[in-house]
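> Provided below are the primary sequence and the corresponding predicted coordinates.
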Amino acid sequence: MMDTSSGKGLSFVRRIYPPRIVGLGIGMLSVMAGISTLDMAPWVWGLLLFNGLIWPHLAFQLARRAKTPYHAEYRNLLLDSLMGGFWTATVQFNPLPSVTILAMMAMNNFAAGGQRLFLKGLLVQGAGAGLSMAVFGAHLQLQATPLQVYACLPMLTLYPMALGWVCYRLAMKLAEHKRRLSALSRTDSLTGLLNHGSWKDLLQLKFQICQQQQCQAVIAIIDIDHFKTINDTFGHVVGDCVLSQLSSELKHSLREDDLAGRYGGDEFCLILPNTTLEQARVVMERLRERVGSYRNPQLPELRVSLSIGLASCRQDLADAESWLNEADKALYAAKNSGRNQVNFAQMDLPTLNLA
């Protein structure tokens, strides 16, 4: 539901402002041409000038300063429809100016408020036409002069362009909003890395690619040693800072094609494509040493270490889950061997124990 009291309501007001300036400004030319052959009182011309030149800016200020901008702008749109019906009857339903005015207002009401505003606009236009006929009488003028034809051309060309421009900008904003929401749904709010579900989906994809193309890739599972103790000793705020610091180190250390995700509370998972176990070992050792050497001047007693399990993708693995399980086994082997180390799921390279 639209927030009619502030942000989105003001956005609605601002979105209507430019097409109203254009529409009422050039619509005024159509009405001028329509009443130029009629004997109208000076107040009619004054009302037309007010409606075409002053009302767009006054409506914007009234809606912008209203307690509920959306509702105020909605009323302004109905007033636009009222005046549209009024001017249609005032030009004695001359076909070209009348159709031009009513069609442009129908387009605007549909764009601004959908079918509901369109139908309300029709009723209000009828009321406006009735008001004009009550003042000037009911007349019908079926002949359009060359001046009236030329006066309607700007309305038929410029106003659809202005409305289309506004709709295009709105579509771009909605697309960007959708893109951001999609990104938020895939990322962990604290670390900015992929969340558990997104990382698992990409794991399936990478596994299939590796199996089909027989390319190398390594999974790394990273666990912060004694993270519960860190939370219990220093508090969850410090614990969150440790998680954020590790995620920053990962972003700094990894390549563009590497995929990092927060797998659980204090567990992080990486997919390192086109990487051998030895290359992954070097990268993870650098990461382990950099995190281990980090010191917080405000908490000099805080120490952070990592246990890391690695597993390469092999043709004999049944599925992505088997690949992940091998890395998980390597991680537990590292933790059971004293923590603060890198361990391999495969035995073609020696297990490291650098604690």
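Done, it's in.
> and the pLDDT at Leu153?
The score at Leu153 is 83. That number is its pLDDT.
> what distance do you get for it to Ala106?
From Leu153 over to Ala106 the distance is 19 Å, taken as CB to CB, to the nearest Å. From N, CA and C alone the C-beta is placed, and that goes for glycine too.
> again, but for Leu123
Leu123 is 13 Å from Ala106, by CB to CB.
> which of the two has more residues huddled nearby?
Taking other CB atoms under 10 Å, Leu123 and Ala106 do not tie; Ala106 has more neighbours (17 against 13).
> phi, psi for Pro300 please.
The phi/psi pair for Pro300 (degrees, to the nearest 10) reads phi -60, psi -20.
> equivalent analysis for Tyr294, please.
phi -70, psi 130.
> so where's the stretch 151-300 of the chain uncertain?
182-184 (pLDDT under 70).
> do a quick rundown of the strands in it.
In the stretch 151-300 of the chain, the segments counted as strands under DSSP state E, counting those that start in this stretch are 217-224, 259-262, 267-273.
> only C-alpha atoms, please: export the last one in PDB.
What follows is strand 267-273 as a C-alpha-only set of coordinates in PDB (Å, rounded to 0.1, in the frame of the first residue of the first chain):
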ATOM      1  CA  GLU A 267      31.000 -20.400   8.700                       C
ATOM      2  CA  PHE A 268      31.900 -19.000   5.300                       C
ATOM      3  CA  CYS A 269      32.100 -20.900   2.100                       C
ATOM      4  CA  LEU A 270      34.000 -20.100  -1.100                       C
ATOM      5  CA  ILE A 271      34.000 -21.500  -4.600                       C
ATOM      6  CA  LEU A 272      37.300 -20.900  -6.300                       C
ATOM      7  CA  PRO A 273      36.900 -21.800 -10.000                       C
END
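> so that strand versus strand 217-224, what angle?
160 degrees (axes from the mean of the first three to the mean of the last three CA atoms, to 10 degrees).
> neighbouring contacts of strand 267-273?
Under the criterion CB atoms under 8 Å, 6 or more residues apart in numbering, residues 193, 199, 202-203, 206, 210, 215-224, 246-247, 250, 254-255, 257-263, 279-280, 283, 324, 327 lie in contact with strand 267-273.
> before we move on, back to that, to Val135, which of the strands of the stretch 151-300 of the chain lies closest?
Closest of those to Val135 is strand 259-262, at 70.2 Å (criterion: CB to CB).
> would you mark the buried spots in that closest one?
259-262 (16 or more other CB atoms under 10 Å).
> packing partners for it?
helix 196-213, helix 236-253, strand 267-273 (3 or more CB pairs under 8 Å, 6 or more residues apart in numbering; DSSP states H and E).
> how many residues are close by Phe344?
Neighbours of Phe344 (other CB under 10 Å): 25.
> er, Leu170 actually
13.
> leaving out chain neighbours, which residue sits closest to it?
Arg15 (6.6 Å; CB to CB, 6 or more residues apart in numbering).
> hmm, Tyr168 and that neighbour touching each other?
No. Using CB atoms under 8 Å, Arg15 makes no contact with Tyr168, being 11.7 Å away.
> neighbour count winner among those two?
Arg15 (17 against 10).
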